Structure formats: C-alpha cells, structure tokens
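K.L.:
Quick one: sequence and predicted model below, then my questions.
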Amino acid sequence: MPELPEVETVRRQLEPLIAGRQVLGFGVMPGAERLMRGRSAPEVDAQLNGRTFTSVTRRGKYLGLNLDNGQVVVVHLRMTGSLRFRASGHEEEAFTRAAFDLDGGDQLRFVDVRKFGTIDLVERMEEALPELGPEPLSDEFTVDALWHALRGRQIAIKAALLDQANIAGIGNIYADEALFLSRLNPEAPAGSLRPAERRELHAAIRRVLEDGVAHGGASFRDYTDVDGAEGEQQYFVRVFRRTDEPCDDCDATIRRIVVGGRATHFCPKCQPVRHRNRQVKSTRPRRAGGTLKPR
DNA sequence: CGTTACCTGAAA
DNA sequence: TTTCAGGTAACG
C-alpha cells in the first residue's frame, strides 16, 4: 500500500525515534513466520541482540534500519504493512506480526493485516533489493533517465511507471496522478512519448511525489504513520479513486479502467487517446512513434 | 508480455 | 456473497 511518499514519511518519523536505541530482542508472532523469508526469527533475534540502530534510509519503497555494526534491517511494507513506534506499556494492536524490543521498554512493531510485508537482516542493503530504477526525487532522475527506461517499449505507460526496475517508488496512486498532471493517456505505449511529453511526465512525477511527502502520504485504506496517524494526501488527489466524479479541470467524468492488472483512474477528456499518425493508404500497423533504438 | 497467487478484512 | 485493495514474485 505505501508508495514512496508514505515510506519516506515513515523514514523521517522513525529515524529520530530509534537512532541511538539498543535492540534487546526481536520476535515474530505465530503464523507470521513467512515475513522473514525463510530465515528463522530466533536466529535474527540472536544477531540483533545488543545492536544499536544508527539511522534509517530509504530506497524506492524499501526501508533500511541501519545498525551500529553495519548490518541493515530491510523492511518492505507491501500492501498493508506499517511500522509503529510504541512507548513502554502501550497495548498491542491487532495484526502485530513482529516486534523489536528497545532499551527502556519501547517497541517498534510491524503491523500487517495481509502478511505480505517482509523483514530481512543483511550485511548491505542492496542484498535485500531487487533491480531498482533511479530514485525519482534524486538528481540522477533526469528526463534522459526517464526516457532511457521508456524508449522502445510498447507496454502501457501506466504499467511502465509501476515497474520498479524503471523508476523506484511509484505505485498505483502516484502513477495515476502523474499521468493526469501530464495529460497522458494511461494506455499510451511507453515508448511513444514525444520530447515535450517526456519533460511533462518527468516534472509531474516529481511534483506528485513531493506533494505526497509534503502531505505526509495518502491514507485511503490502511496506511498510517509511525504514530498510527493518517496522511492528508488523499484529500488532494485529482483522479485516484474518484471514479464517476467530475474532473477538476474540465468537468468530464473520471473513468476507471484496468491497465496492467491494476485499477487505473483518468479523465478521458484531459487524457485523450492519442491517435497514431493516420496514413490514408497503408493498413500495415505502424510503430507507435518514438525513437526505436535498441535499449 | 499479461495473469495468478500470496492473505485478510472492509465495502458493495 | 462477491469484489476489491498504496505490491510484487512466480507463473505460462
């Protein structure tokens, strides 16, 4: 559920709460063992015991809880996971799947209804990460970097934005919002974007993610921050989960379709299907524009 | 490449 | 009762 802005919100809150705190124990609740991806909780507990958290980093939707010996606890919240920092004596919330006991009795809890989230303990963060594209809020994310990921590809631009190997951290909310801001149809082939459209999409991605962070993330369903509080970004979305509502910009009715297996929301008037350049004679399908160079 | 599985609860 | 869900890996 959490995308880059939600994960970054957690990172910012969590770092000052756990930096300098010592781990006295770690445990996984019965029935939730899979979140350790095959590693045994007692073994991880033994490795963590006595270690101290130093900082919290983020890569895409992954969090790295850094330890004083260089090791990293890598957390992915997937759909419904959340990390909660709770003071000593706080009652246990439902769906707590794992917990770190900190010095002083405070707890860092991993709460996750659907049990899709994961926790890894590794020597270096990269060991726990799949192939990830550039960080969209970093300097390495340029229009050229975006185009490098899209050029020559026939898949829908929406699906391309969700592929973490292209750009790290975009999920279903921010993909729809970025496409709305850049007025691109979600089903347009990724490699068909013209130069001006690439620049607009690049700027839109930056903008929606920055807005999301500024509003503390979006809480449509399960997302809550480290205190259990909701974000505000859901009040600012332009199309996401606004099916049948009027578009803010043109009053047309927002539609919901499925692209790449995911619900996709867009304004059919602001984000029209772009026709291939019509050719009167030829019935042979043309490549849908774009520069077709090998990747 | 698109589709299915992984889980569970809330909403339709 | 059925459908849907901020994600991703494993299918075919």
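P.N.:
Received it, and whenever you're ready, just let me know what you need.
K.L.:
list the contacts for A:Ala168?
P.N.:
Counting by C-beta atoms under 8 Å, 6 or more residues apart in numbering, A:Ala168 touches A:Leu4, A:Arg59, A:Gly60, A:Lys61, A:Leu132, A:Gly133, A:Pro134, A:Glu135, A:Pro136. In this view, the C-beta of every residue, glycine as well, is placed from N, C-alpha and C.
K.L.:
Which members of those residues additionally contact DNA strand B?
P.N.:
Contacts with DNA strand B within the contacts of A:Ala168, as defined by C-beta under 7 Å from any atom of the strand: none are present.
K.L.:
What is the nearest of those to DNA strand B?
P.N.:
Using C-beta to the nearest atom of the strand, A:Gly133 comes nearest to DNA strand B of the contacts of A:Ala168, at 13.4 Å.
K.L.:
what's the neighbour count on the nearest residue to A:Val237 once chain neighbours are set aside?
P.N.:
In this structure, A:Val237 finds its nearest non-sequential neighbour in A:Glu177, 5.9 Å apart by C-beta to C-beta, 6 or more residues apart in numbering. Neighbours of A:Glu177 under the rule other C-beta atoms under 10 Å: 26.
K.L.:
Just give me the neighbour total for the closest residue to DNA strand B within chain A.
P.N.:
Proximity of chain A to DNA strand B (C-beta to the nearest atom of the strand) peaks at A:Arg114, 3.3 Å away. Counted by other C-beta under 10 Å, the residues lying close to A:Arg114 total 12.
K.L.:
what does the model give it for pLDDT?
P.N.:
Per-residue pLDDT puts A:Arg114 at 97.
K.L.:
Run through the strands of chain A in chain order.
P.N.:
Applying DSSP state E to chain A gives strands spanning A:23-28, A:53-59, A:62-67, A:72-76, A:81-86, A:96-102, A:107-112, A:118-122, A:255-259, A:262-266.
K.L.:
For A:Ala159, find the nearest of the ones you listed.
P.N.:
Closest to A:Ala159 of these is strand A:255-259 (C-beta to C-beta; 6.2 Å).
K.L.:
who in chain A is up against DNA strand C?
P.N.:
A:1-3, A:6, A:60-61, A:76, A:78-79, A:114, A:116, A:130, A:162, A:164, A:171-173, A:217-223, A:241, A:261-263.
K.L.:
Can you show me the helices along the stretch 51-200 of chain A?
P.N.:
Taking DSSP state H, counting those that start in this stretch as the criterion, the stretch 51-200 of chain A contains helices spanning A:143-150, A:157-162, A:172-181, A:195-214.
K.L.:
of those, which approaches A:Asp120 most closely?
P.N.:
A:Asp120 sits nearest to helix A:157-162 of all the helices of the stretch 51-200 of chain A, at 22.5 Å, using C-beta to C-beta.
K.L.:
Go ahead and confirm A:Val56 touches A:Thr9.
P.N.:
No: here A:Val56 does not reach A:Thr9: they are 11.6 Å apart, not a contact under C-beta atoms under 8 Å.
K.L.:
Nearest to DNA strand C within the stretch 101-250 of chain A, name that residue for me.
P.N.:
A:Gly171 (2.1 Å).
K.L.:
ok, that residue - contacts?
P.N.:
A:Pro2, A:Glu3, A:Leu4, A:Lys61, A:Leu162.
K.L.:
Any idea how many residues pack against the closest residue to the last one other than its chain neighbours?
P.N.:
I take that to be A:Leu162. Spatial nearest neighbour of A:Leu162, chain neighbours left out: A:Ala175 (5.6 Å); criterion: C-beta to C-beta, 6+ apart. When neighbours are defined as other C-beta under 10 Å, A:Ala175 has 27 of them.
K.L.:
Pull the contacting residues for A:Ala175.
P.N.:
By C-beta under 8 Å, 6+ apart, the residues touching A:Ala175 are A:Lys158, A:Leu161, A:Leu162, A:Pro186.
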